[in-house]
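Engineer: what shape does this take:
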Amino acid sequence: MKLRQKSVTARNEAGKNSVQGALSIWRAPIAILIIASLPAWGCSYGSVEGESLDSPHSVDTGSNANSGLHPSAEEKFLGQYPTPEPEQTGDIQEPESNGLRKFDFLVYYGKFVRERFVDIITLHPLNYRPSYVGVIAINYKLGPFIGPLTLEAEWQLARHQGLQTHSETNALLIARLGSMGDGPLPVSLAVGSGISVASAEPKLEKAENETNPVLYYLMTEIDVGIPSLPRNPRMMLRIHHRSGVFGVFCPGICGSNFITYGLKFAF
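Structural biologist: Predicted coordinates:
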């Protein structure tokens, strides 16, 4: 009996030693496999499906997903990285004040009247004489002046026909009160002041008194716009006035007045 127990004990000790030997043999490879698999476990826990919506790297897989900012796994695999399209801002144009542009081209024509400037603006009866002036001009918008007034600069080239035949050039500044009323036809009033230079002494001015080729220039104007047409055309009525300013430019009282009508076109 004792011999049998010893043999059984010997077999148990041999089995135990063999198991411990096997474990000692496989212990190192198992540890290596566990360590090598740790990055894969980390990827599975940090994958797209496991990210929260608050994560900066999360992807919205719903209807609001932005494929341009977060490429899908399939797109990554295929090497396709779509870029977001730029926003369509459209053309930005500088707004035009009251439909007006920086430059106006003017053309107008008128007839000489014997009445003084103050008589014309107070609507006295007018006596015309057969002498005419044709004018072309360039008007430049300088911008706001005082309150509702805007400031403009203008250069004119005039040609006289009839009782006097000479050329004339005028340079002036204009103060304009525009956009009066809310009707479909905008109306503006303007007053201009500057210098007038004639190529010779105007005969009609000399017939009344001594004159000078260089006189003060004054104009008053009312215009009515038609904004629905190209180039924003405006019809105008203007008093074209040369003045000695009570003896400043010539002895006594001298000058001339023309009642003129014309058109303006914006450029």
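Engineer: domain map for this protein?
Structural biologist: Using automatic domain parsing, the domain ranges for the chain come out as 1-50, 102-266.
Engineer: TSV for these, including mean neighbour count and mean pLDDT?
Structural biologist: For glycine as for every other residue, the C-beta is placed from the backbone atoms N, C-alpha and C. Below are the domains of the chain laid out as TSV (neighbours: other Cβ atoms under 10 Å; pLDDT from 0 to 100):
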stretch	mean neighbour count	mean pLDDT
domain 1-50	10	50
domain 102-266	16	91
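Engineer: how close does the nearest residue in space to Gln164 that is not next to it in sequence sit to Asn170?
Structural biologist: Using Cβ to Cβ, 6 or more residues apart in numbering and skipping the chain neighbours, the partner closest in space to Gln164 is Lys203 (4.2 Å). Relative to Asn170, Lys203 is positioned 19 Å away (Cβ to Cβ, to the nearest Å).
Engineer: now do Thr122
Structural biologist: Look at Thr122 and Asn170: by Cβ to Cβ, they are 24 Å apart.
Engineer: what sits against the nearest residue to Leu204 once chain neighbours are set aside?
Structural biologist: What sits nearest to Leu204 in space, not counting adjacent residues and going by Cβ to Cβ, 6+ apart, is Gln164, at 5.3 Å. Contact partners of Gln164, counting by Cβ atoms under 8 Å, 6 or more residues apart in numbering, are Ser131, Pro202, Lys203, Leu204.
Engineer: following the longest strand along the chain, which helix or strand shows up next?
Structural biologist: In the chain, with assignment by DSSP state E, the single longest strand is strand 128-144. Where DSSP states H and E defines the elements, the next helix or strand beyond strand 128-144 is strand 149-162.
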